[in-house]
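Engineer: Next input, structure requested:
(one chain, ligands or ions: 1)
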Amino acid sequence: MNQQAFPATTTAPDPSARLVLPDGRDVLLPILRGTEGEPAFDITRLREQTGSITFDEGYANTGSCQSNVTYIDGEKGILRYRGYPIEQLAEHSHFVETAYLVIYGELPTRPQRARFSALLTENAHIHERMVYLFESYPRDAHPMALLGAMVNALACYYPHLATNTHFGETDNFDEAAATLISKVRTITAMAYRMSKGLPVIYPKRSLNYCENFLHMMFSDPYEHFECPPVVSRALNLILLLHADHEQNCSTSTVRMVASSGANLFASAASGVCALWGPFHGGANQAVIEMLQAIHDDKDDGTRFVAEAKVGRRRLMGFGHRIYRNYDPRAKIIGKACEELLNELGVKDPLLDIARRLESIALSDPYFVDRKLYPNVDFYSGIILRAIGIPINMFTVMFAIGRMPGWVAHWREVAFAGRPRIYRPRQIYTGPSVRDYLPVDLRE
Ligand code: ACO
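Structural biologist: Numbering: from 1, shown residues only. You can find the predicted model right below:
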């Protein structure tokens, strides 16, 4: 697969930022600039020079790495994968092509795209013995718990692809990446079928990525599920829009695990676990639960928003650490949601509630002042619901979409020229040194 050399971030020798210490000493901090000119103070030698560390709980002001994959300008609502605006990719590309772009850095040529698709097809099946693993989990296990376990288990069944790294690019990266991206879809569909006590449906070579997933979910042994093109298009769009989002919680987790030299499957499994929480990928499930509760309470959204403003609730699918403007993915998904429901002739009352909540929140000073806008999760759940994906699988769908991003970031870390384990510091706030007390002397 093609490798692309990107211009390295420049360290401008001048000007540097000047930090004045309490003892009057000056320290010069080099200024790094990204491709788009965004500045960062380089503090890599700060502790050595001053004895101090920086404190930034939640990392809101900390660049943890240099990365070529995704650019976001949260103030302007810009998102680009490898330089390509998300709006253009959403309109012209599809998930598999975008996955290639995210992982390898360039849009594939026709032969490259065909080879990547073929690799996905070849690797769609899971090891037959893995099916027994599903059997040993409770039927009602949460799909994210299962997904995390199964992605990690890939290292057991495909050990030749699970090489712990840090010794340069391995020969089988392409196969490992395709295995993960393809099998995660089979694992998800299989988990769903087994949770329902339905026979497992195997992937078909003739179907594309999204059609194959929907076939494994909804076909039965006697009848193939004829997927309406509008449905596979909508799924494609959702996956494409989730393909990467730079240093979010799960991707940073993947990079953190990768930095120890852990293999791709172990690192991706850690991403699944981090994604599960409702402040992150779990928000798409939480949004539908919130909309349903508002609907059941016969609230028009006003009461819920009032409670969110006094901190008793959180308007799920709203707000973002980076976007202080409309999340560009939410704009695209909101429109696609409307189109899908129209084409399917579905009338979903939750969409009306979502639209109402959005208009109340966007004209309320509480949300306006805090720059809280709908994020990607606000409408994605309504699309997934219309497609027939059960609500407890929504975050799994996010994980399928995010896999290319995790693979790309794992690759950046694992094959970095100068591997370095991620190891932040802390400010210790516990007790100072004290002597051990025998148990009889403790009160
Ligand atoms: N509803 C109501 N108030 C909110 C919301 C919300 N969704 N989000 C933030 N706020 C308020 C906070 O209470 C806080 O108010 P204060 O200044 O009066 O204390 C202020 O806005 C800033 O909020 P923070 O929590 O500091 O913002 P942060 O950047 O840390 O959090 C987050 C971002 C976690 C996404 C938050 O906005 C949130 O919880 N949103 C709902 C969950 C959600 O949709 N998550 C998905 C994010 S996108 C993704 O991961 C795919």
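
Engineer: if you go through the protein in chain order, where are the strands?
Structural biologist: Secondary structure of the chain by DSSP state E: the strands cover 10-20, 26-33, 39-41, 70-73, 78-81, 84-85.

Engineer: Would you mind finding the most buried of the ones you listed?
Structural biologist: For those, the largest average neighbour count (mean count of other Cβ atoms under 10 Å) is found in strand 78-81, namely a mean of 22. For the C-beta atoms, the positions are set from N, CA and C on the backbone; glycine is no exception.

Engineer: Could you give the separation of that one from the chain centroid?
Structural biologist: Mean C-alpha position of strand 78-81 versus that of the full chain (Cα atoms, centre = their mean, to the nearest Å) differs by 14 Å.

Engineer: tell me which parts of this structure are close to the ligand?
Structural biologist: Along the chain, the residues adjacent to the ligand under the rule Cβ under 6 Å from any ligand atom are 248, 279-281, 283, 308, 314-321, 370, 372, 375-377.

Engineer: which of these count as buried?
Structural biologist: 248, 280-281, 283, 308, 315-320, 372, 375-377 (16 or more other Cβ atoms under 10 Å).

Engineer: can you tell me the residue of the stretch 301-443 of the chain closest to the ligand?
Structural biologist: Taking Cβ to the nearest ligand atom as the measure, the stretch 301-443 of the chain has residue 319 as its residue closest to the ligand, at 2.3 Å.

Engineer: dump the residue contacts of that residue.
Structural biologist: For residue 319, the set of contacting residues under the criterion of Cβ atoms under 8 Å, 6 or more residues apart in numbering consists of 370, 372-373, 375.

Engineer: Now render those residues as JSON lines, adding distance to residue 147.
Structural biologist: Shown next, in JSON lines, are the contacts of residue 319 (distance: Cβ to Cβ, whole Å):
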{"residue": "370", "distance to residue 147": "33"}
{"residue": "372", "distance to residue 147": "30"}
{"residue": "373", "distance to residue 147": "29"}
{"residue": "375", "distance to residue 147": "22"}
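
Engineer: chain center to stretch 265-275, what's the gap?
Structural biologist: Put simply, stretch 265-275 sits 10 Å off its chain's centre (Cα atoms, centre = their mean).

Engineer: and what of stretch 349-367?
Structural biologist: On the basis of Cα atoms, centre = their mean, stretch 349-367 sits 25 Å off its chain's mean C-alpha point.

Engineer: How many residues are close by residue 154?
Structural biologist: When neighbours are counted by other Cβ atoms under 10 Å, residue 154 registers 26.

Engineer: chain center to stretch 341-354, what's the gap?
Structural biologist: Centre to centre, stretch against its chain (Cα atoms, centre = their mean), the figure for stretch 341-354 is 26 Å.

Engineer: So what touches it?
Structural biologist: Applying Cβ under 8 Å, 6+ apart, the set of residues contacting stretch 341-354 from outside is 228, 230-231, 287-288, 291-292, 294-295, 300-301, 317, 337-338, 340, 378-379, 382, 385-386.

Engineer: Pull out the buried positions in that stretch.
Structural biologist: If you call a residue buried by 16+ other Cβ under 10 Å, then stretch 341-354 has these buried ones: 341, 348, 350-351, 353-354.

Engineer: Stretch 266-285 too?
Structural biologist: Residues of stretch 266-285 classed as buried by neighbour count (16+ other Cβ under 10 Å): 266-276, 278, 280-285.

Engineer: looking only at pLDDT, what's the mean for that stretch?
Structural biologist: When pLDDT is averaged along stretch 266-285, the result is 94.

Engineer: go on, stretch 245-261?
Structural biologist: Averaging pLDDT along stretch 245-261 yields 96.

Engineer: now stretch 290-302
Structural biologist: Computed over stretch 290-302, the average pLDDT equals 93.

Engineer: what's the distance between that stretch and the middle of its chain?
Structural biologist: When C-alpha coordinates are averaged (Cα atoms, centre = their mean), stretch 290-302 and its chain have centres 28 Å apart.

Engineer: before we move on, what about stretch 226-245?
Structural biologist: Mean C-alpha position of stretch 226-245 versus that of the full chain (Cα atoms, centre = their mean) differs by 15 Å.

Engineer: what do you get for stretch 423-434?
Structural biologist: Stretch 423-434 has its C-alpha centroid displaced from the chain centroid by 31 Å (Cα atoms, centre = their mean).

Engineer: Pull up the distance across that stretch, start to finish.
Structural biologist: 27 Å (Cα to Cα, to the nearest Å).

Engineer: Buried ones in that stretch, by neighbour count?
Structural biologist: Taking 16+ other Cβ under 10 Å as the neighbour-count basis, stretch 423-434 is seen to contain no buried residue.
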